[in-house]
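Chemist: Generate coordinates for the sequence data below:
(chains A and B)
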Amino acid sequence: MSENIKLATWVVLSPFLSLLVIGVFTRTYKKLSALVAIAAISISTILATILYFKNLYGLTAETHYFEWLITDYFTLKFGILIDSLSLGMMMVVCIVSLLVHIYSWGYMEGEAGLSRYYAWLSLFSWAMLVFVVSPTLLQAFFGWELVGAASFLLIGFWYYKPEAAQAARKAFVMTRFGDFGFFVGLLILLVIVGNLDFHVLNKLGTSLGVSPRLITLTALLIFMGIMGKSAQFPLHTWLPDAMEGPTPVSALIHAATMVAAGIYLIARAYGFFSASTFAMEFIATIGILTSFIAATIALVQNDVKKVMAYSTISQLGLMVAALGAGGYKAGVFHLFSHAFFKALLFLCAGSLIHHFHTNDMWEMAEKGGVKKMKITITTLIIGSLALAGCPPFAGFFSKDAILVAFEMNGKHMFMYLTLLISFLTTYYSFRMIFVLLSPESEHHDHKEKHHGHGHDSPANMTIPLIILAIFSVLFGFVDTPLMNGYFDKFLLNKHEVEHLHWSVMIKSFVVFLAGISFAYIQFAGKKGYREGFAEKIGWVRALLVNKYFVDDFYFILVRGLVYPFAAILNWIDRKIINDTGVNGSGNIVIYSGRFISSLMNGLLQRYLGTSLVILFILVFLWQLI
Amino acid sequence: MAFTLFPYLFLSLILICLGLVGILVRRNLVIMLICIELVLNGVTLNLLALNKFSLNGGAAGQIIAIFIVALAAAETTIALALIFLIFRHHKEIDAEKLTELKG
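Modeler: Next comes the predicted model:
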């Protein structure tokens, strides 16, 4: 085992140990559990940082395997794979997770199930790290499912709220539905290729004896899992509902763990996916479609967390589209930068919700005092600028990379669609900002204004915001000539520095200005509820408010198809398996027992008579022999 | 008048059968006990007769017969004691009404 692998092993194991310690020892001490979890993720972060600085310019893949199951046909392995991609992702996961852990200390203060909360945060981080360092598709699948289970537990953290329980169930069932495809694809690969190592899968396109159709089929099946996990259309509806969980959890789900897993899997098995042109086309199309749909739905949302949830889906769609269109670096870059600013946005939203006890942006504006939460609102604006792609924030450069990737690969349609989506993104982010900054209404009396207003959230909540804001401002520069194209060097080991693509940058800047000014005209400086342009057209509004009727479609589908089918299965189970099989065999015993018992009537002479008759019969038979 | 084996065996068969029928048809425990004694006597007679008419002589049958008599005495004592207890407990010695062992 090399040094790198050893470090990576401890990065992964540390949250797991915290989970065990909390579960076994410190369950009843809430603060101690929180400290254990924070310490564990800090250790992970520190080790990951050391690992990163040891390999500042990227590294070629280093792998260590543990064999798990060896048969004549295949060998199942677990292990640790460290290369530039997994190292970068590990850093992102650790940093975001650490900040969320610290932030939760303030946000979840006084919560009864704090130990449970931190145990599951540890589980979540551990699962994601297991997934990130996995060298085989099988381990990736294990981590993938663990991430799903952890997010189920955390979304349903307030399980006594029916909406939260339902949202958790929905998230679990929808992602499981996609994972079914993933698992089938994995099994097909296991049976036909016999090896699930990523380095083998990535060269599958060039190896002999594997038909391209098989690759297309399995790639699409695995992509089904990604559609579920990374909330791509039409399996995206769980993500907005998952807002029922605690806000720091939403930040974690949306930034570093859970939804990032799907994008990371495409990047990890990039050679495998790009071996099939059809699959790549499909992935790109689904991505851009998702992005557009989610961006439009976000236009009419009033819940700050819902706006962010749809923007996440939209950004994930862009990443998927970029990867599908051949922009490997662009997709990964946007994944990393998005992780920072989306975590920032969610934590800001958490800070607002913590303060106002409501999710609705109009109500927040009504109550007033947003402006007095200086750190929160400043970082929220920074996050929104990064999301909207304002230069020089992180989102600008990563979105720029995506646009360049589309242009270079001749997908001009995609590029213009992305510009349109950027416009919508800017518009809805600043709709939120301008609404929050509305002038305060006069009818609030002094006492109400005084109540709890005029101060920001505690330091353990604002410090993570500041750190993430710094990342959101500066992270974009890693891909510019200013830092000698550091990101290319790190990820792709490419040494020539790419020049800036001015034409694309200008386009995207113009789009940003258009979006922000449009939002300014419609929302800034006014009081009370006001409609955006999308809400003014009746049918568009109906379409968007109902989220393109996808949930209703599922509802009808489930009512019309799944329930009747389930009823038939239920009948078979009850009548045939239960009543005939299980109860039937029981009944045979009961009735035969009752018959024999009826012979025991307690009459001595009957017993004796019976014995005599039998004796005679036996003697008679003996005579015959 | 020559003694043959057959009348003895016939008598013992009659005794056994009477005893069995008595046990089966009578409901009074005391009568049933008497009938058991009848069966035992039939068996004893059977053994004695076979001993007398067996070709190799010996006294095995007679010895067993004495044993049976002795055991029958003991058995009757115990059985009567049991019946006595049952009567005390249930105020009843009708076999048809003593059905506590019913399944």
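
Chemist: Give me the nearest residue to whichever residue of the stretch 251-400 of chain A sits closest to chain B, chain neighbours excluded.
Modeler: Per C-beta to the nearest C-beta, residue A:258 is where the stretch 251-400 of chain A lies closest to chain B, at 63.3 Å. Placement of C-beta: from N, CA and C, glycine included. Nearest residue to residue A:258, sequence neighbours excluded (C-beta to C-beta, 6 or more residues apart in numbering or on different chains): residue A:151, at 4.9 Å.

Chemist: Okay, buried residues for the helix or strand encompassing residue B:80 please.
Modeler: Element membership for residue B:80, per DSSP states H and E: helix B:60-90. For helix B:60-90, the neighbour count (16 or more other C-beta atoms under 10 Å in any protein chain shown) marks B:61, B:65, B:68, B:72, B:79, B:83 as buried.

Chemist: From those residues, pick the one nearest residue A:65.
Modeler: residue B:79 (83.5 Å; C-beta to C-beta).

Chemist: per-residue pLDDT, that closest one?
Modeler: pLDDT recorded at residue B:79 is 92.

Chemist: And it, how far from residue A:277?
Modeler: Per C-beta to C-beta, to the nearest Å, residue B:79 is found 100 Å from residue A:277.

Chemist: follow-up on the earlier one: pull the contacting residues for the residue nearest to residue A:258.
Modeler: By C-beta atoms under 8 Å, 6 or more residues apart in numbering or on different chains, the contact list for residue A:151 reads A:124, A:171, A:242, A:249, A:253, A:257, A:258.

Chemist: Kindly confirm my reading that it is in a helix.
Modeler: Yes: remark: residue A:151 belongs to a helix, assigned using DSSP: H, G, I helix; E, B strand; the rest coil.

Chemist: element containing residue 8, please.
Modeler: This is for chain A. Counting by DSSP H and E, residue A:8 is part of helix A:3-24.

Chemist: switch to chain B, that's the one I care about
Modeler: helix B:5-25.

Chemist: which helices and strands does that helix pack with?
Modeler: Secondary-structure packing of helix B:5-25 (3 or more C-beta pairs under 8 Å, 6 or more residues apart in numbering or on different chains; DSSP states H and E): helix A:604-624, helix B:29-53.

Chemist: Kindly provide the distance from residue A:189 to residue A:320.
Modeler: 21 Å.

Chemist: right, and residue A:88 touches residue A:333 too?
Modeler: No: Residue A:88 is not in contact with residue A:333 according to C-beta atoms under 8 Å; the separation is 9.5 Å.

Chemist: Tell me the confidence at residue A:424?
Modeler: On the pLDDT scale, residue A:424 gets 88.

Chemist: mind listing what it touches?
Modeler: Under the criterion of C-beta under 8 Å, 6+ apart, the neighbours of residue A:424 are A:295, A:296, A:298, A:299, A:314, A:515.

Chemist: same thing with residue A:427?
Modeler: Counting by C-beta under 8 Å, 6+ apart, the residues that residue A:427 touches are A:299, A:515, A:516, A:518, A:519, A:532.

Chemist: I'd like the residues you listed laid out as a markdown table, including secondary structure, distance to chain B and neighbour count.
Modeler: Below are those laid out as a markdown table (DSSP: H, G, I helix; E, B strand; the rest coil; distance: C-beta to the nearest C-beta, whole Å; neighbours: other C-beta atoms under 10 Å in any protein chain shown):
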| residue | secondary structure | distance to chain B | neighbour count |
| --- | --- | --- | --- |
| A:299 | coil | 79 | 21 |
| A:515 | helix | 88 | 23 |
| A:516 | helix | 90 | 22 |
| A:518 | helix | 90 | 18 |
| A:519 | helix | 87 | 23 |
| A:532 | coil | 83 | 17 |
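
Chemist: Identify the farthest-apart pair in those residues.
Modeler: A:299 and A:516 (14.6 Å).

Chemist: what's in contact with stretch A:508-515?
Modeler: Contacts for stretch A:508-515 (C-beta under 8 Å, 6+ apart): A:388-391, A:396, A:399-400, A:403, A:419, A:422-427, A:430.

Chemist: And stretch A:243-251, by the same measure?
Modeler: A:96, A:100, A:103-104, A:107-108, A:117, A:121, A:151, A:154-158, A:161, A:163-164, A:166-168, A:242, A:253, A:303, A:305-306, A:308-309, A:342-343, A:346-347, A:349-350, A:353-354, A:359.
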